[in-house]
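Peer 1: only the shape, not the letters, is given here:
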Ligand code: AMP
Ligand code: MG
C-alpha cells in the first residue's frame, strides 16, 4: 500500500497555481493576492482633525479659560487652503484638513460651542487631536503582500489606497459529483435499499470553507457512461473535480471503470483508515485535476482534509503541506490496524482529546459530533489512555 505522505506529495507535485487575473476589488473577496500592493500617497494624505472642535494655536489657549473669535468653519472635504492668524480659531470637523498656523484641536466638549466667539475651558497641548499625514501608511509603503487571502479588511485597504482593480489568483472552481445507484436526493422519499445522498453536499461545503468555489453536480448512478457524460458536461467550468464513490474493489464501480481506460488517473490503495481506495489524476483536454474519493462519508471527508484541501491551497498560490496538528492527551485507549495510519474521530477540549465511540467509516453522525482527528501512526496498533497523540483540529 502507498504511504499517505507519498500520496499527498504526488498530488502536490501535480497541481499548479491558477493563472493570476485582474478583478474589480468588489469581486476579490476570498481570492489570494498575486501582487504586492503599495500606497501611491501617504495615509492620511494630509494633517487633519481627529475630533469635532476648534483648530487653535496651542499657545493661544495655554492660559485657558480664554474666549477667542471664531473666523469660520472647516468641514471634512474642504480643499481650499486656509490659514489661522494669532489669537484666532476656526471650527473644525473630524477629517477636515488642519489650517496652516493651527497646531492643536480643542474638542468641542472642552468649550461652550460658540460660533462667533468661543470660550475654551481647557488648554490643549501642541498636536492635540491631530491625525498626521502618513501616520498609517507612508507613500510607497507595501500595505498588502502577494499571497495574502483577501478578506473584508483587505478589500478596505485596497480601496483606501485608491485601487479599483487588483491582480489575484482566483478561487478555484471545483465540481463535486457523487456516484451510487442507491443515492436519493435529500428532500425526496427514501425507497427500499436507498440512502440519502450526503457527500456532494458535505464536500461542496468543504470546498467553500477551503476558500474555493464549490459547484455541486449532484449524483449519478453506477453506469460508467452516465458518469463520463456528466463529467464531460461539468469540465467546462472546473479547475478541479472531486468525485465520491465507485472506486473500491467491488463490481459496479463507475468511476474506476470509466476513468481507468483513459490512463490519466491512477487508482491506488493508500495505507490509511478510513479512506484506503484513492484515485488521482487529470481529465479532459485541459488536464483538469480529479480527486476520486471513496464513497463512505467519513472516508471521503478525511480524504478531503488530507489530500484535496492542501491541493486547493497550491492552486490558490498558498503554501501547502499536510494538515496542521497539535498534541493532546487521549482520554481513552485507542486501537488501530497494523500498517495503516488511522484518523480517529474525536472531540478535542484544551489539551485532552476523547475519541468518539462510533468509528465506522459510514458513521457520519459521529463525524458530525467530532471536532478533531486523532492520528495513529502506521506501526502503532494500540495506545493506552493518557498517551500523548497527534491531533488534526477540524
Ligand atoms: P462506494 O465507495 O461507492 O463503494 O460506497 C461506499 C459506501 O458509501 C456505500 O455504503 C455507499 O452507499 C456509501 N456512499 C457512497 N456515496 C455516498 C454519498 N454520496 N452519500 C452517502 N453515502 C454514500
Ligand atoms: Mg458506490
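Peer 2: Right, received. Where do you want to start? What you see is a predicted model, and the numbers here were worked out from it, not measured in a lab. Numbering: from 1, shown residues only. Ligands and ions are numbered 1, 2, ... in the order given.
Peer 1: dihedrals phi and psi, residue 342?
Peer 2: Residue 342 adopts backbone torsions of phi -100, psi 150, taken as degrees, to the nearest 10.
Peer 1: from memory it sits against residue 273, does it?
Peer 2: Yes. Counting by CB atoms under 8 Å, residue 342 does reach residue 273; the two are 5.0 Å apart. Backbone N, C-alpha and C define where each C-beta goes, glycine included.
Peer 1: would you mind listing what in the stretch 151-300 of the chain touches ligand 1?
Peer 2: Proximity of the stretch 151-300 of the chain to ligand 1, by CB under 6 Å from any ligand atom, involves residues 178, 180, 182-183, 195, 197-200, 219, 244-246, 248, 294-297.
Peer 1: ok, 8 Å please
Peer 2: 178-180, 182-183, 195-200, 219, 222, 244-248, 250, 253, 277, 294-297, 299-300 (CB under 8 Å from any ligand atom).
Peer 1: just those: which are in helices?
Peer 2: Mapping these onto helices (DSSP state H) picks out 199, 200, 297, 299, 300.
Peer 1: tell me which two of those residues sit farthest apart.
Peer 2: 200 and 299 (14.6 Å; CB to CB).
Peer 1: can you get me a residue count around the closest residue to residue 14 other than its chain neighbours?
Peer 2: Take residue 14 and drop its neighbours on the chain: the residue closest to it by CB to CB, 6 or more residues apart in numbering is residue 289, 6.6 Å away. When neighbours are counted by other CB atoms under 10 Å, residue 289 registers 25.
Peer 1: cool, the one 3 residues further on as well?
Peer 2: The local packing of residue 292 (other CB under 10 Å) involves 29 other residues.
Peer 1: now swap in residue 357 and tell me
Peer 2: Residues near residue 357, counting by other CB under 10 Å: 10.
Peer 1: for it, list the residues it contacts.
Peer 2: Contacts for residue 357 (CB atoms under 8 Å, 6 or more residues apart in numbering) come out as residue 366.
Peer 1: start at 183, not 1
Peer 2: OK, 183 is where the count begins now, so the last one is residue 539.
Peer 1: show me where pLDDT drops low in the stretch 433-576 of the chain?
Peer 2: Low-confidence segments of the stretch 433-576 of the chain, defined by pLDDT under 70: none present.
Peer 1: just checking, residue 535 touches residue 516?
Peer 2: No. Using CB under 8 Å as the test, residue 535 is too far from residue 516 to be in contact (9.7 Å).
Peer 1: so what sits against both of the two?
Peer 2: Joint contacts of residue 535 and residue 516 (CB under 8 Å, 6+ apart) are 556, 571.
Peer 1: the more surrounded of the two?
Peer 2: residue 535 (28 against 22).
Peer 1: how about the nearest residue to the more buried one, chain neighbours excluded?
Peer 2: residue 510 (4.0 Å).
Peer 1: quick one: contacts for that neighbour?
Peer 2: Residue 510 touches 530, 533, 534, 535, 570, 571, 573, counting by CB under 8 Å, 6+ apart.
Peer 1: out of those residues, which sit inside helices?
Peer 2: Using DSSP H, none of these sit in helices.
Peer 1: ok, of these, which come out buried?
Peer 2: For those, a burial check counting by 16 or more other CB atoms under 10 Å picks out 530, 535, 571, 573.
Peer 1: need the max-distance pair from those.
Peer 2: Largest separation among those by CB to CB: 530 and 571, giving 10.3 Å.
Peer 1: what strand or helix carries the residue nearest to residue 535?
Peer 2: Under the criterion of DSSP states H and E, residue 510 resides in strand 508-512.
Peer 1: equivalent analysis for residue 255, please.
Peer 2: strand 248-256.
Peer 1: which positions in the chain make contact with ligand 2?
Peer 2: Counting by CB under 5 Å from the ion, the positions of the chain adjacent to ligand 2 are 362, 427, 428, 477.
Peer 1: okay if I get these as a markdown table plus neighbour count?
Peer 2: Converted to a markdown table, those look like this (neighbours: other CB atoms under 10 Å):
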| residue | neighbour count |
| --- | --- |
| 362 | 20 |
| 427 | 31 |
| 428 | 29 |
| 477 | 24 |
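Peer 1: domains in the protein, by residue range?
Peer 2: According to automatic domain parsing, the chain comprises the domains 186-200+353-497, 203-225+317-351, 230-313, 508-575.
Peer 1: tell me which of those domains sits most buried.
Peer 2: domain 186-200+353-497 (a mean of 19; mean count of other CB atoms under 10 Å).
Peer 1: endpoint to endpoint, that one covers what distance?
Peer 2: Terminal residues of domain 186-200+353-497 lie 20 Å apart, using CA to CA, to the nearest Å.
Peer 1: tell me where the model's unsure across the stretch 183-332 of the chain.
Peer 2: Those would be 263, if you go by pLDDT under 70 across the stretch 183-332 of the chain.
Peer 1: that one: strands as residue ranges?
Peer 2: Ranges of strands in the stretch 183-332 of the chain, per DSSP state E, counting those that start in this stretch, are 203-206, 214-215, 219-220, 230-231, 235-238, 248-256, 271-274, 286-289, 299-302, 312-313, 324-326.
Peer 1: which residues are in contact with stretch 545-565?
Peer 2: If you take CB under 8 Å, 6+ apart as the criterion, stretch 545-565 is touched by 185, 380, 453, 479-480, 483-484, 487, 507, 512, 515-530, 535, 537-542, 571-576.
Peer 1: now with 7 Å, please.
Peer 2: By CB atoms under 7 Å, 6 or more residues apart in numbering, the residues outside stretch 545-565 that reach it are 380, 453, 479-480, 483-484, 507, 512, 515-518, 520-530, 535, 537-538, 540, 571-576.
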